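# Any chance you can model this:
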Amino acid sequence: MLHMKKVNVIGAGLAGSEACYFLLKHGYEVHLYEKRPNKMTPAHETGLFGELVCSNSLKSNRLDNACGLLKEEMRHMDSLTMSVASQTSVPSGNALSVDREAFAGKITAKLKEFPNLHVHIEDVITPPEGPTVICTGPLTSDGLSKWISEKVGQQSLFFFDASAPIVKLDSINMNVAYKKARYDQGDDSYINCPFLEDEYNKFYDELIHAECAMLHDFDKAYFEGCMPIEVMARRGKETLRYGPMKPKGLQMMDRPKFHAVVQLRQDNLHGDLYNIVGFQTNLTYSEQKRVFRMIPGLENAEFVRYGLMHRNTYICSPLSLNKDLSLKEDNNIHLAGQLIGVEGYVESAAMGILAAIYIYNKLEEKKIPDLPLQTMLGSLHNYVINANPSMFSPMNANFGILYGSSRNNRDESIQNSLKLIDEWWSKVNA
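The predicted structure follows:
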């Protein structure tokens, strides 16, 4: 039986889609506000819900990887993101990567199956009345950003994020490039482009001197987890060789020793598009074409999308949010996703589920227990709410914040987290 209680969700990214999904399943009338496609962002290409902009990878599936553990916790919580990702996955070794268009298309279709979903295509400047989740993510529009900043009594914080180029498979020279998994583990789903030392030196010199696109109005504060390749390169000539161009485990017995290797990962289900892994960039389009065609095997690469840079917006959540992710200045408004200071697709989606649970808990006058700190989701939430405000910056899932976890008890802490998330989830739905 429908409750017919109404909740507003602003933003149809991963966090907003997850918030909608939980509330719709629990019988709520959900009004979803999304500005696309009427008003596009610098990074999006469609009006689909849950569109991935920077990469098609949701990172590792391994439980001994912090993001992998978070994904498994979300599967135990009937996550829409995890369900659709499994249906639209593409080969990428131990990682979970998806066909972006199919992924967003299925999320959109799944949500629109609910008759209690009402979609409003408009750019929200002031939140509508009633319980509301703001999930507008890193590309929150100026008008709503201003409203949030005024509400929390502080300026929003900003950092820059970047996405990597995508090339056509049939334009890659497979006489030079080759398929191989690192250390021969997993499947051979990555295409590798190898550099000899002199080739790398020439590429490096061109990369660090290439022309970048202008960044207007904001300081160039980059997030470490998604740093432009040219910025990383300027830290030193060997930086790339110990980072995204690491050659270890990718050598071939019948070839000279490689000095560096660029990897490409399948980007769609059809398998005809590949993105250049770790090559987020702010180079101009013409410079991307010139410099990245110096990568062996990509000399004739056809780019279907160039890398680009965009602003990410987030607030200082420890100063601004209550434990239930509502604003301290207005507990009818909840925030979720990257806007609250988590970094990554999976982390953002997880916060969308959590915000919806807190609203549901409040409206149903339920008293569910606190999320256990020994879970990855609980630890991430704890960081967002209780971090030192003076040192607050966007956070990925990592074992460093998982309460009680150490290298010596990693397997035990992983199993304990899944046991605790199951127990907590059952109480949420009791």
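# So what's the residue count around the closest residue to residue 89 other than its chain neighbours?
By the measure of CB to CB, 6 or more residues apart in numbering, the closest residue to residue 89 outside its immediate chain neighbours is residue 98, 5.6 Å from it. In short, each C-beta sits where N, CA and C put it, glycine included. Residues lying near residue 98 (other CB atoms under 10 Å) number 29.
# Make sure residue 98 is actually in contact with residue 90.
Yes: if you go by CB atoms under 8 Å, residue 98 and residue 90 touch, sitting 6.3 Å apart.
# Now for the two: what residues contact both?
Common neighbours of residue 98 and residue 90, counting by CB atoms under 8 Å, 6 or more residues apart in numbering, are residue 56.
# Next secondary structure after the host helix or strand of residue 231?
Using DSSP states H and E, residue 231 sits within helix 229-233. Using DSSP H and E, the helix or strand that follows helix 229-233 in sequence is strand 260-266.
# Quick check: which helices or strands does that following strand pack against?
Where contact means 3 or more CB pairs under 8 Å, 6 or more residues apart in numbering; DSSP states H and E, strand 260-266 is packed against strand 95-98, strand 191-195, strand 273-276.
# Out of those, which is closest to residue 212?
Proximity of these to residue 212 was assessed by CB to CB; the nearest stretch is strand 273-276, lying at 17.0 Å.
# Show me what that closest one is packed up against.
Counting by 3+ CB pairs under 8 Å, 6+ apart, strand 273-276 packs on strand 166-168, strand 260-266.
# So which bits of the helix or strand just after it are buried?
Counting by DSSP H and E, the next helix or strand C-terminal to strand 273-276 is helix 285-292. Across helix 285-292, burial judged by 16 or more other CB atoms under 10 Å covers 287-288, 291-292.
# Please apply the same query to stretch 163-177.
Judged by neighbour count (16+ other CB under 10 Å), stretch 163-177 contains these buried residues: 163-167, 169, 171-172, 177.
# How about residues contacting it?
Under CB under 8 Å, 6+ apart, the answer for stretch 163-177 is 43, 53-55, 191-194, 264, 267, 271-281, 288, 292, 296-310.
# Enumerate every residue touching the nearest residue to residue 376 once chain neighbours are set aside.
Of all residues not flanking residue 376 in the chain, residue 70 sits nearest, at 4.4 Å (CB to CB, 6+ apart). Contact analysis of residue 70 by CB under 8 Å, 6+ apart lists 346-347, 350, 376-377, 380, 397.
# circling back to that earlier point, buried ones only from the contacts of stretch 163-177, please, as a ChimeraX command.
The ChimeraX command for the buried members of the contacts of stretch 163-177 (criterion: 16+ other CB under 10 Å) is given here:
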select :43,53,54,55,191,192,193,194,264,267,273,274,275,276,277,278,279,280,281,288,292,296,297,298,301,303,304,306,307,308,309,310
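# which strands and helices sit next to the worst-scoring helix or strand of the chain on mean pLDDT?
Least confident helix or strand of the chain, by mean pLDDT, DSSP states H and E, is strand 157-162 with a mean of 73. Under the contact criterion of 3+ CB pairs under 8 Å, 6+ apart, strand 157-162 touches strand 309-314.
# Could you pull out the buried residues of the helix or strand just after the strand it packs on?
The helix or strand immediately downstream of strand 309-314 is helix 317-320, counting by DSSP H and E. For helix 317-320, burial by neighbour count (16+ other CB under 10 Å) applies to 317-318, 320.
# if we look at helix 317-320, which residues are touching it?
By CB under 8 Å, 6+ apart, the list of residues contacting helix 317-320 reads 152, 154, 327-329, 335, 340-341, 384-389, 392.
# Single out whichever of those residues has the smallest pLDDT.
The pLDDT minimum for the contacts of helix 317-320 sits at residue 154, where the score is 71.
# Please convert the buried members of the contacts of helix 317-320 into PyMOL selection syntax.
The buried residues among those can be selected in PyMOL (16+ other CB under 10 Å) with this line:
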select buried, resi 152+327+335+340+341+384+385+387+392
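# List the ones among the contacts of helix 317-320 that fall in helices.
152, 384-386 (DSSP state H).
# want to throw those into TSV with distance to residue 236?
TSV is the format used below for the ones in helices among the contacts of helix 317-320 (distance: CB to CB, whole Å):
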residue	distance to residue 236
152	39
384	33
385	37
386	36
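# quick one: which of these is nearest residue 247?
Nearest member of those to residue 247, counting by CB to CB, is residue 384, at 37.3 Å.
# my read: the closest one touches residue 321, true?
Yes: between residue 384 and residue 321 there is a contact under CB under 8 Å: 7.3 Å.
# Residue 111: which of the buried residues of helix 317-320 is nearest?
Looking across the buried residues of helix 317-320 and measuring by CB to CB, the closest to residue 111 is residue 317, at 26.3 Å.
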